[in-house]
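**Student:** A structural model of the following input is requested.
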Amino acid sequence: MAAPDAPLQTRVVDDKSPICIPFILSRLAEYKKQHAGEANPRPFIVGLNGVQGVGKTTLVRALAETLQEREGLPTLVVSIDDFYLTHADQLALAAAHPDNALVQYRGEPGTHDIPLLTTFLTALTTNHHPTPIPQYSKSAFSGLGDRLPPSTWPHTSPTAPPRVLILEGWCIGFRPLPSDLVAQKWSAPSRTLHNHKLSHLEFINARLADYDAVIKSVLDAFIHIDAEDTEYVYAWRAEQEAQLRRETGDGMSAEQVVKFVDAYYPAYELFTDGVRRGVFEGVPGREGCQLRVVVGRDRGVVESMVI
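**Tutor:** Model (predicted):
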């Protein structure tokens with residue numbers, strides 16, 4: 001398999017928040033109309049799916065700062081990464097499916113604690129007390145990762161509870177496919193799907209139903225930071241590692257980058273088309289609730305559209 005393209009740039013410029021902020025505010029205005037008269041409406045919840053390496057961290061930070069400082073809206077950012085299984089539970093999952101490479105490590109759908117996410121979202125949206133926010137350490141157990149003890153988790157502010165929640169993650173908005181479509185994609189030419197048994201892909205697809213049921217039910221708006229070609233993630237990761245080597249003397253080689261991205265790329269090949277069509281597809285009254293922002297190889301915006 002070929003190594004990623006040579007780096008074009010490593011600096012990420014935020015040209016996305018000027019597009020995302022007006023969309024969020026327009027949907028928030030509609031939300032306020034729907035909940036007019038409620039003394040303590042639950043937070044307005046925005047799902048954000050950003051292709052890995054696109055500059056999602058920079059964007060989310062800019063969105064939160066703008067909403068809080070310019071709009072006066074206390075904003076909480078939560079990553080689905082903080083809902084990974086505990087180290088012990090991840091080991092148990094891997095041991096239960098020893099030949100399925102997709103679940104040997106955290107990352108793919110099926111490696112998150114969806115009941116914990118459900119509990120968190122329920123607490124945040126149904127009571128007005130400080131809510132504990134789960135935290136995960138990716139460096140624990142020599143990089144295998146583990147959830148931090150609940151006693152160390154921060155809580156939402158009792159005096160300024162969040163008015164906006166941004167729930168972000170690379171697989172937020174992925175929706176399960178009919179089994180025959182999974183088989184069809186597996187049979188067609190692809191970059192990584194043939195590295196896995198069809199049954200292993202079906203396992204991931206089946207786990208995703210739990211995500212979809214929880215996440216879609218609470219979202220008021222959705223932002224998809226897409227790429228003209230999702231294979232850009234290989235080059236973007238190579239750029240990040242090259243910069244890391246320059247700064248620290250340590251980082252993955254080109255071959256290691258390919259192996260790393262190959263581990264999660266099957267989900268892009270399976271589920272990206274569904275996100276592009278819209279996470280609210282088929283849900284009455286949800287037209288206009290999704291913003292899709294498409295970037296080019298340099299991570300710059302090339303087009304945007306409301307679905």
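
**Student:** quick one: which helix or strand includes residue 115?
**Tutor:** Assigned by DSSP states H and E, residue 115 belongs to helix 114-126.

**Student:** CA atoms only: put that helix into PDB for me.
**Tutor:** Listed in PDB are the C-alpha atoms of helix 114-126, where the atom choice follows Å, rounded to 0.1, in the frame of the first residue of the first chain:
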ATOM      1  CA  ILE A 114     -23.000   4.000  25.100                       C
ATOM      2  CA  PRO A 115     -24.900   3.400  28.400                       C
ATOM      3  CA  LEU A 116     -22.500   5.900  30.000                       C
ATOM      4  CA  LEU A 117     -23.100   8.400  27.200                       C
ATOM      5  CA  THR A 118     -26.900   7.900  27.600                       C
ATOM      6  CA  THR A 119     -26.600   8.400  31.400                       C
ATOM      7  CA  PHE A 120     -24.600  11.600  30.900                       C
ATOM      8  CA  LEU A 121     -27.000  13.100  28.300                       C
ATOM      9  CA  THR A 122     -30.000  12.200  30.300                       C
ATOM     10  CA  ALA A 123     -28.600  13.900  33.400                       C
ATOM     11  CA  LEU A 124     -27.600  16.900  31.400                       C
ATOM     12  CA  THR A 125     -30.900  17.400  29.800                       C
ATOM     13  CA  THR A 126     -33.400  16.400  32.600                       C
END
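
**Student:** So which other helices or strands are in contact with it?
**Tutor:** Counting contacts by 3 or more C-beta pairs under 8 Å, 6 or more residues apart in numbering; DSSP states H and E, helix 114-126 packs against helix 198-218. Quick note: C-beta positions are derived from backbone N, CA and C, even for glycine.

**Student:** Partner strands of the next helix or strand after the helix it packs on and their direction?
**Tutor:** Downstream of helix 198-218, the next assigned helix or strand under DSSP H and E is strand 221-227. With DSSP bridges as the test, strand 221-227 is paired with strand 44-50 (parallel), strand 290-295 (parallel).

**Student:** so which of those strands is the most packed in?
**Tutor:** Among the strands paired with strand 221-227, ranked by average contacts under mean count of other C-beta atoms under 10 Å, first place goes to strand 44-50 (a mean of 24).

**Student:** Quick one: the helices in the stretch 51-200 of the chain, in order.
**Tutor:** Using DSSP state H, counting those that start in this stretch, the helices found in the stretch 51-200 of the chain span residues 56-69, 87-96, 114-126, 179-187, 198-218.

**Student:** Settle this for me: residue 59 is touching residue 225, isn't it.
**Tutor:** Yes. Residue 59 lies in contact with residue 225 (C-beta atoms under 8 Å); the separation is 6.8 Å.
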